[in-house]
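Q: Give me a 3D structure for the following:
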Amino acid sequence: MGTTKIWAIKDSLSRVLDYAANPHKTIYSDLRNVLHYAGDEAKTGGAEKACFVTGVNCSAVTAFDEMRSVQERFGKTTGNVAYHAYQSFKTDEVTPELCHRIGVELARKMWGGGYQVLVATHFNTGTYHNHFVVNAVNMWDGKKFNCNEGAYWKFRALSDELCAEHRLTIIKNPQGKTPRSIYFAEKRGDPTTFNLMREAIDYAITCSRGFDDFKRIMRDQGYFIDLNPNRKYWTIRSENSKKAVRMYRLGENYSNDSIKRRIYEQGFDTWQRNADYTHSRITLRDYRPTRRRFIGSFKQTKKRTGLVALYMHYCYLLGYYPKNRRHQPLSPEMKEAWRHLDRLSDQVRLVSHKGLNTIEDVHSFIAETDQLIQAITADRQKVYNKLRRCHNGNQRSELLHRRDDCTAALTDLRKEKKIALTILEDNPTVKENIRIETQMRNETYGLQQKQRHTFRSYGR
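A: Reported below is the predicted structural model:
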């Protein structure tokens, strides 16, 4: 299962070469004379992570000098100085020797006509993968490599051909580029859109005897699924989203065939054990009001309004209060909002401390903050001007202290302005999430009240 990627290097050719040939990631060094790096175990970490480094159209030992001399000969030492690419394989599918051999073959087929390439095999991520550092300048005619979309598709096609020749799996439906923040959130298991979809599908499958049960339970969790047999790919979308996601994009266990198999292959005992689920795992007890007796009157109590009330209600629906976690979010949108609690906390703190009751107050706060930033910046510039002409030690120390105070004040003001801007950005989303969550809770409460009334009538 070879995955591929190519991107340009503009800053430093030596940096990327050093990374590719890092002895902490590459342990055996298959240079032209097969130098053996494993002798120094302090650097290599032992022979269990054996990897290789090979140069194509250059020597791996002097790759930087050779690539740099080609660029200087043709006068092309600026711009894209190199290209960095990788090819990754499925865990435990290839040996280090096979991984490196495929990488060298791929480099020769893709760039062997005139580009210098350093091929290095790494194992630092837990799976064997190849790094390719390609000199951007052709060693014969001085032309720069045109790394356009066509070049990427050619690189991927050649990788797939080599994988097929060695009977390795090939990705039939490659996914698009995932943002870095989402990628690491997925790996950590945070409540991202896809992770919540996977969790809902896994739970629905364990409680289903067939597709009717499966669709009903998914609907109870806030998802619509399209299982039309005439469609090539089944889709899933949140109840309040207009964009559907093809279920195979969630992983191998969520394709059409995998879902069919998982529903029909689970034993009856497993289904019976899980089928008595409550609606979205929320019991009636969560919605029964708790009676309390208070001494005094609430008439004189100051009522929370504006943004403070909005955020208090939002935190309540999120189940954010540590002393009372009985209320759990039902809608996928609110569950995903848990990933942004740090951002929400900063907003709540700013709204409370600065007394921001409306969106107009937030706009006014941003304008006032901009004025303060400009004034303090001007004062700090004056301090810098005095520092250049000051030679007295005591005065210089005082000026440095004033400069540091200005810098600290600017840091705080810019942070508060940034948080205020996120309030303006997130305000529509907060209101929409509250509407969705309230609607789903009302539907859940109405359904449970109806079921309870039915049971009481049946008992009579």
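Q: Contacts for stretch 99-113 next, please.
A: The list of residues contacting stretch 99-113 from outside it, by C-beta atoms under 8 Å, 6 or more residues apart in numbering, reads 2, 30, 51-52, 54, 56-57, 87, 89, 94, 117, 119, 121, 128-130, 132, 134, 145, 154-155, 158-159, 162-163, 166. For every residue, glycine as well, the C-beta is placed using N, CA and C.
Q: Which of these are buried? Put it as a PyMOL command.
A: The buried subset of the contacts of stretch 99-113, as determined by 16 or more other C-beta atoms under 10 Å, is captured in PyMOL by this line:
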select buried, resi 2+30+51+52+54+56+57+87+89+94+117+119+121+128+129+130+132+134+145+155+158+159+162+163
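Q: low-scoring stretches of the stretch 101-250 of the chain, by residue?
A: Along the stretch 101-250 of the chain, segments meeting pLDDT under 70 span 124-126, 172-184, 186.
Q: the helices in it, which residues?
A: 149-165, 180-188, 193-206, 211-220 (DSSP state H, counting those that start in this stretch).
Q: Now do the same contact list for L424.
A: With contact set as C-beta under 8 Å, 6+ apart, L424 has these partners: I359, V362, H363.
Q: filter those residues to the buried ones?
A: Applying a neighbour-count criterion of 16+ other C-beta under 10 Å, the buried members of these are V362.
Q: Secondary structure added to the contacts of L424, as a markdown table?
A: Supplementary listing: the contacts of L424 in a markdown table, determined by DSSP: H, G, I helix; E, B strand; the rest coil:
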| residue | secondary structure |
| --- | --- |
| I359 | helix |
| V362 | helix |
| H363 | helix |
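Q: Can you tell me which of the contacts of L424 is nearest S397?
A: Taking C-beta to C-beta as the measure, S397 lies nearest V362 of the contacts of L424, at 39.7 Å.
Q: residue contacts, the closest one?
A: The neighbourhood of V362, defined by C-beta under 8 Å, 6+ apart, consists of L307, L356, A420, I423, L424.
Q: circling back to that earlier point, could you dump the helices of the stretch 101-250 of the chain into CSV and include distance to R403?
A: Shown next, in CSV, are the helices of the stretch 101-250 of the chain (distance: least, C-beta to C-beta, whole Å):
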stretch, distance to R403
helix 149-165, 49
helix 180-188, 35
helix 193-206, 46
helix 211-220, 60
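Q: Out of those helices, the one nearest N138 is which?
A: Shortest separation from N138 across these is recorded for helix 149-165, at 13.6 Å, computed as C-beta to C-beta.
Q: how far away is A204 from P229?
A: From A204 over to P229 the distance is 19 Å, taken as C-beta to C-beta, to the nearest Å.
Q: the more surrounded of these two?
A: Comparing A204 with P229 by neighbour count (other C-beta atoms under 10 Å), the higher total belongs to A204, at 24 against 7.
Q: what's that one in contact with, if anything?
A: If you count contacts by C-beta under 8 Å, 6+ apart, A204 has them with D213, F214, I217, M218, Q221.
Q: Take those residues and, keeping just the buried ones, write it as a PyMOL select command.
A: One line in PyMOL is enough to select the buried ones among the contacts of A204; burial here means 16+ other C-beta under 10 Å:
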select buried, resi 213+214+217+218+221
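Q: Nearest to E333 among the contacts of A204?
A: Using C-beta to C-beta, Q221 is the member of those that sits closest to E333, with 12.2 Å.
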